[in-house]
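Q: Dropping a prediction and its sequence here:
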Amino acid sequence: MIKTLSNNISFLRTMLYLSAFVILVVGALTYRSITEVTKSSEMVTHTYKVNVELEQILSNLKDAETGQRGFIITRDSVFLDSYTSGRSKINNSFAELKVLTRNDTLLNTNLIALNGLINKRLIAFQTSYSSLPKDDIDDPAFISNFRDGKYLMDSISVKIKSIVSLQNNILETRKNEYENDLMATPLLLFSLLLCSLVLMYVAYNNIYKNIKKLKATNEALEIFKESTNQSEIVSKHGSWTWNVKDNVFTFSDNLYRLVGEQPQSFKPTIENFLNYVHPEDVEQLSKQTEQMKENVELPYIYYRVVHKNGNIKHLKAYGKSLINEENDTVLLGTTADITDEIMSFRALEERNMELERNNKELSSFNYVASHDLQEPLRKIQTFLSRLEDEEAENLSSKGTKYIDRIQNAATRMRLLIDDLLQFSRSNKADKVIEESNINLLLEAAKQDLAEVISAENAEITSDTFPTIKVIPFQIQQLFINLLGNAIKYKAEGKTPKIVIKHKVVDAEDEENIVKPKKAFYHKITFTDNGIGFEEQYAEQIFTLFSRLHNKDEYSGTGIGLSICKKIVENHSGYITASGQPGKGAVFTVYLPID
Amino acid sequence: MKFFTNRRLTVLFFFIVIMIGLSFNSCQELIKNKSLENKKTEATKQEVKTNQNEAKLLVMLSKDNQDVIQLSKSLQKIVEKDTVFKLAKKIEKAHLEIAKEFNTVATNKLITIPNHSELIIEEITDINREAKLNALNDLKSKIKNQLYLLNKLDETTNSKEFKQLIVKADTKINESLNKTKNIISNLKSNS
Amino acid sequence: MQEDYINIILADDDEDDRLFFTDAFEEIKITTRVKTFNDGVYLMDYLNTDGIQLPNVLFLDLNMPRKSGLECLREIKQNEKFNDIAIAIYSTSASEEDIEKTFIKGANIYIKKPSDFKTLKKVLSEVVTINWQYHTNSMNKENFLLRF
C-alpha cells in the first residue's frame, strides 16, 4: 500500500512538473505571439504613416497648384500663400519620410525620384510665374507650361501611387507571413492547453483515487482502532507508548480504566501514573521502568494499583523497545489486569490447601480409626481363641457354636479393617516413586500369601519384569490383592493356575487404553483359571464395596479391587478386567513408561 | 522524513525566489522598454525636426544663392567690362557651382530647393556709381546672409554630406564675399 | 555362662496384651523369666538401674504413653551396655513407616501382634529361640518383619 502511494506521489510530481513545463511553454509562445502582433501592428502603422505623408505631399502640391491657378485667375497674391508655403510643407513631409524610410533603400530611391519630380513641378510653378505674361492666359508658352505642369502632376500622382502600392504589397506579404505564423500558434497553444487540461485531469483522477483509498484505509483503521479498544476492554488490557527522547507518553483509553479513571482524564506521564501505584510497589516499578529504557526487552513486571475508591488491582506489564524511522527509541508496552486471575489463583490455592487438609485429616482419621479399631478386635479374637482352648470342655455345643460365630464375625471385621487400612494407605501423596525391582515385589507378595498358596497348591508362573518406576509397597499390595483374588475365586476341583505376563506395548494399539497420556505402557496380565465373571460386570467390580457374590459364598470386603484401581491410577496407569464364567479371568494392568 | 520535507521546502523556496526575480525582471524590462520607446520617439521627433530645419535652411540658402546669382548677373550688366565685371562673373560662376552642390545634396536629402530667384530687379537707367554701390551692397548683404545661414546650418546639422557641403560652400562664399568687398572698395576708391 | 532361663522383658501399656504375653510364656515349654513394664519410662528406669540382670530379649510396644517404644529403642541403642539385648518390636500396627523406622533404629525383629493365642505362642517361642548372634549378622528388611 505504501509502495503504491509513494509511486503515486512521484507520478503526481511528474504531472506537476509536466504541467508547469507546458504552461511555461504556453507562456513563451504567447509572449512571442504578442511581440509578433506588436511588430506587425507597428509595421502597419509605419506603412500608413508613409502613405499619409505621401498623400500629404500630394495634397500640398495640389494646394499649391490650386493656389497658382487662383492667382493666375485673380492675380490676388493671397492665393500664392499655398504656393509659397508649399515648398516648406513638402520639405517637412519629406523630412518625416526620410526618418520613416531610413532603412528602406528601395523606398529611398523611389522617394528621391519623387523628390526630383516634385522639384520639377515646383520649377514649373516658378517658370509659370516668371514667364507669365500679364493677363495673357492664351500664350502658347503659358499653356504648354501648364500642360507640362499637368503631366508632371500626373507622373507625381502615379509615382506616389506606385510607392503606396509598393508599400501595401510589402505590408501584404508581411501580413501573409505573419498570418501563417499566427495560424500555427493558436493551434499549438490550444493543443498545449488541452494537453495541460488532460494532465490536470489525470492528476486529479489519481489524487481522487488515492484519497478514496486513503479514506477506505483510514476507515478500516478507525474500525480496527475501535475493535482494539473493545478488545482491550474485554481482555482488560491497556497499552502505552513512550518516546524516550522526548519523554512523551501515550496511554490507550483502557489503560486509564485499569487505574479506575475515565479515558484521557489525566496527562499521560510517569508521575501521574505512579500516583495510582500501590505505595509498596512504587519504588520497584520506577526502578524497573528505568531499566526498561536501557534494555531491549524486559521480563514481566508485576505491581498493584489502588483505585480512587480504594480497590486494589494487580497489574502485569510488559515493555519492549523499538527503534522507529527517526532513530528514536520508542517503548511499546502492554499492561494487563490480572486481579481476577490472582484472586482465583488464591482462591484455588486456599481450596487446595483446604482439600489437602481435609484429605490429610481423613487419611489420618482413616488410618487411626482402622488402627485403633484393630486393637480391641485383636483382643476379642485372642480372648475367643483362649476361651476355645482353655474352656473347650466347659462349653456346651451351643456355646462352642456361638463362639465360632463370634470368631467369624470378628474375622470379617478384621478383614474389613485391614482392607480399609490398605485403602487409606494407598493415597499417592508423600509416596516416593522409585525404580523398583518388580520381581522382588512379586516374590514379597507371594511370600505374604505363602500360606494360602501352599494350602491351595496354587501355581504361579511369571515373566521376568524389568525395573519400573513405582511406589514399591503399593505395587506389592497390588500383586497381593490380584493374586489373592485369583486364588480365592478358584474353580472347584481345579488347582489354581495363575500366569503373569509382561509386555511393552504401544498405547495406540491397545483398545483398553482410552486417551492415553503416554506413548508406551508396561502391560502386565494376570490370567487365572478360576470361576471368572460375566463380562458385564467388568467395570463394576472395581467400584468400592461392590461384590459379585455374597459373604457366605466367598469372603471379601469389596475393597480389594478398588484398592488395585487406586494404586494403578496413582501410577497414571490403567486396569481392566475381562472374564468368562467358568473359564477364568484376565486382569490387565498398564503402567506408563516415561 | 525530515530530509524530504527540507528538500521540498528548498525547492519551493527556490521556486518562489525565481518567480519573484522573474517578475521583477519583467517589470523592469517593461519599464526600460517604455523609456526606450519614449526615447526613440523623442529621437525620431528630434530627427524629423532636424531634417526639417536642414531643409528650411537649405531652402533659404538656395534662395539667397539664386539671388546672389541674379544680382551678380545684373551687376555684370551695369558695369564696364573690366575687373569688376570679371569679378562679378567669377562670383556668378562660383555661386552657380554652389547651386549645383546644393542641388546634389537636396536630391539626396529629399529637399526641394528653389531654382530661380524671385528677386525683381528693376532696370537701372541711370548707371551711376550709387546704383552700382547699391547693387553691390545688396550682393554683399546677401552673401553675408548666406554665411550667416551656413553657420546656422553647421550648428543644426549632423550629416556628413551637409558638413562637406558647408565646408565647400563656406570657402567659396567667403571668396565671393572678399571679391565683393574688393569690388566695393575698388569702386569707392575709383570715384 | 549359660543361664538356664531366658530373660525376657515386655514393655506394653495394654493390660490385656501383658496378660496374653505372660500366659503365653507360661504355656511355652521354654524356661523363661518374664518381666513386664507399663510404659517406656518404667522400662528405661529399670534398665538404667545398676546391678540388674539385662534381658536376653526385649519386647517393645510402640504406642506407649510418656515414652514411646521408638524413643526407648533409640535410647537403648545409644547405650553400649545394652548391645547384647535383642530387641523385638511387638506392635499392633505393621505399617511400612513403623517397620522402616524401627529397622533403621536397630531393632532386631518386628512382630505384629497376632490375634490368635496359638499363633502368639508359636511366634513367641520362635523369637526367643532365635540365635541372635547368627540372626543379626544376616539381617535385612525382608527378614525383619516376622511372618506367620
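A: Thanks, I have it.
Q: so where is the stretch 301-450 of chain A shaky, pLDDT-wise?
A: Across the stretch 301-450 of chain A, the ranges flagged by pLDDT under 70 are A:367, A:428-430.
Q: Which secondary structure state does residue A:317 sit in?
A: Three-state call for residue A:317 (DSSP: H, G, I helix; E, B strand; the rest coil): strand.
Q: so it makes contact with residue A:303?
A: Yes. Using CB atoms under 8 Å, residue A:317 is in contact with residue A:303, at 7.3 Å. (Glycine included, C-beta is placed from N, CA and C.)
Q: right, is stretch A:324-335 up against chain B?
A: Yes. Using CB under 8 Å from any CB of the partner chain, stretch A:324-335 reaches chain B at A:325, A:326.
Q: how about the strands in the stretch 101-250 of chain A?
A: Assigned by DSSP state E, counting those that start in this stretch, the stretch 101-250 of chain A shows strands spanning A:237-243, A:248-251.
Q: Of those, which stretch is the most buried?
A: strand A:237-243 (a mean of 19; mean count of other CB atoms under 10 Å in any protein chain shown).
Q: From chain B, how far off is the residue of chain C found nearest chain A?
A: Closest to chain A within chain C is residue C:115: 3.8 Å, counting by CB to the nearest CB. With distances taken as CB to the nearest CB, to the nearest Å, residue C:115 is found 95 Å from chain B.
Q: Closest approach to chain B from chain C, which residue is it?
A: Counting by CB to the nearest CB, chain C gets nearest chain B through residue C:97, at 76.6 Å.
Q: Neighbours of that residue, how many?
A: By the measure other CB atoms under 10 Å in any protein chain shown, the count of residues near residue C:97 is 9.
Q: Only alpha carbons, please: show stretch A:576-593 as PDB.
A: Output in PDB follows, covering the C-alpha atoms of stretch A:576-593 (Å, rounded to 0.1, in the frame of the first residue of the first chain):
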ATOM      1  CA  THR A 576      -9.100 -53.600  33.200                       C
ATOM      2  CA  ALA A 577     -10.700 -57.000  33.700                       C
ATOM      3  CA  SER A 578     -12.300 -59.500  31.500                       C
ATOM      4  CA  GLY A 579     -13.800 -62.800  32.400                       C
ATOM      5  CA  GLN A 580     -15.600 -65.800  31.200                       C
ATOM      6  CA  PRO A 581     -17.800 -67.500  33.700                       C
ATOM      7  CA  GLY A 582     -16.400 -70.900  34.500                       C
ATOM      8  CA  LYS A 583     -13.300 -70.400  32.500                       C
ATOM      9  CA  GLY A 584     -11.300 -67.800  34.300                       C
ATOM     10  CA  ALA A 585     -10.500 -64.100  34.400                       C
ATOM     11  CA  VAL A 586      -7.800 -61.900  33.000                       C
ATOM     12  CA  PHE A 587      -6.700 -58.700  34.800                       C
ATOM     13  CA  THR A 588      -4.600 -56.300  32.800                       C
ATOM     14  CA  VAL A 589      -2.500 -53.600  34.400                       C
ATOM     15  CA  TYR A 590      -1.000 -50.900  32.300                       C
ATOM     16  CA  LEU A 591       1.800 -48.900  33.800                       C
ATOM     17  CA  PRO A 592       3.100 -45.900  31.700                       C
ATOM     18  CA  ILE A 593       6.700 -45.700  30.500                       C
END
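Q: what's the helix or strand residue C:8 falls within in contact with?
A: Take DSSP states H and E as the rule and residue C:8 turns out to sit in strand C:6-11. Counting by CB atoms under 8 Å, 6 or more residues apart in numbering or on different chains, strand C:6-11 makes contact with C:18, C:21, C:25, C:30-40, C:42-43, C:46, C:53-61, C:64, C:69, C:72, C:90, C:128, all of which sit outside it.
Q: Check stretch B:21-38 too.
A: Around stretch B:21-38, nothing counts as a contact under CB under 8 Å, 6+ apart.
Q: 10 Å - rerun?
A: For stretch B:21-38, contacts defined as CB atoms under 10 Å, 6 or more residues apart in numbering or on different chains pick out residue A:31.
Q: distance between it and the chain's centre?
A: 38 Å (CA atoms, centre = their mean, to the nearest Å).
Q: any idea of the mean pLDDT in that stretch?
A: Mean pLDDT, computed over stretch B:21-38, is 89.
Q: CA atoms of that stretch as PDB?
A: Extracted C-alpha coordinates of stretch B:21-38, given in PDB (Å, rounded to 0.1, in the frame of the first residue of the first chain):
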ATOM      1  CA  GLY B  21      13.100  37.500  -9.700                       C
ATOM      2  CA  LEU B  22      11.400  36.900 -13.000                       C
ATOM      3  CA  SER B  23       8.500  39.200 -12.200                       C
ATOM      4  CA  PHE B  24      10.900  41.900 -11.100                       C
ATOM      5  CA  ASN B  25      12.900  41.400 -14.200                       C
ATOM      6  CA  SER B  26       9.900  41.500 -16.500                       C
ATOM      7  CA  CYS B  27       8.600  44.700 -14.700                       C
ATOM      8  CA  GLN B  28      12.000  46.300 -15.100                       C
ATOM      9  CA  GLU B  29      12.200  45.200 -18.700                       C
ATOM     10  CA  LEU B  30       8.800  46.700 -19.400                       C
ATOM     11  CA  ILE B  31       9.800  50.000 -17.700                       C
ATOM     12  CA  LYS B  32      13.000  50.000 -19.600                       C
ATOM     13  CA  ASN B  33      11.200  49.300 -22.900                       C
ATOM     14  CA  LYS B  34       8.800  52.100 -22.200                       C
ATOM     15  CA  SER B  35      11.500  54.600 -21.600                       C
ATOM     16  CA  LEU B  36      13.400  53.200 -24.600                       C
ATOM     17  CA  GLU B  37      10.300  53.700 -26.600                       C
ATOM     18  CA  ASN B  38       9.900  57.200 -25.300                       C
END
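Q: check which helix or strand covers the closest residue to residue A:77 other than its chain neighbours.
A: Computed as CB to CB, 6 or more residues apart in numbering or on different chains, the closest residue to residue A:77 that is not its neighbour in sequence is residue A:71, at 6.9 Å. Assigned by DSSP H and E, residue A:71 belongs to helix A:2-74.
Q: Now the helix or strand following that helix: average pLDDT?
A: Of the helices and strands lying after helix A:2-74 in sequence (DSSP H and E), the nearest is helix A:80-100. In this model, helix A:80-100 carries a mean pLDDT of 83.
Q: Name the residues of chain C found near chain A, please.
A: C:14, C:16-17, C:19-20, C:23-24, C:27, C:63, C:91-97, C:99-100, C:112-121, C:141-142, C:145, C:147-148 (CB under 10 Å from any CB of the partner chain).
Q: Let's see which of these end up in helices.
A: With DSSP state H as the criterion, helices contain C:16-17, C:19-20, C:23-24, C:27, C:96-97, C:99-100, C:117-121, C:141-142 from among the residues of chain C next to chain A.
Q: Any of the residues you listed buried? List them.
A: Using 16 or more other CB atoms under 10 Å in any protein chain shown as the burial test, those include C:17, C:20, C:23, C:24, C:99, C:117, C:120, C:121 as buried.
Q: Which helix or strand contains residue A:468?
A: strand A:467-470.
Q: how close does residue A:319 get to residue A:326?
A: Note on residue A:319: its distance to residue A:326, by CB to CB, to the nearest Å, is 20 Å.
Q: The two - which one has more neighbours?
A: residue A:319 (24 against 10).
Q: Just confirm residue A:589 is within a helix.
A: No. Going by three-state DSSP, the assignment for residue A:589 is strand, not a helix.
Q: which residues are contacting the helix or strand hosting residue A:257?
A: Assigned by DSSP H and E, residue A:257 belongs to helix A:253-258. Here helix A:253-258 makes contact (CB under 10 Å, 6+ apart) with A:225, A:228-240, A:249, A:251-252, A:261-266, A:268, A:273, A:276, A:305, A:307, A:313, A:315, A:317, A:333-337, A:339.
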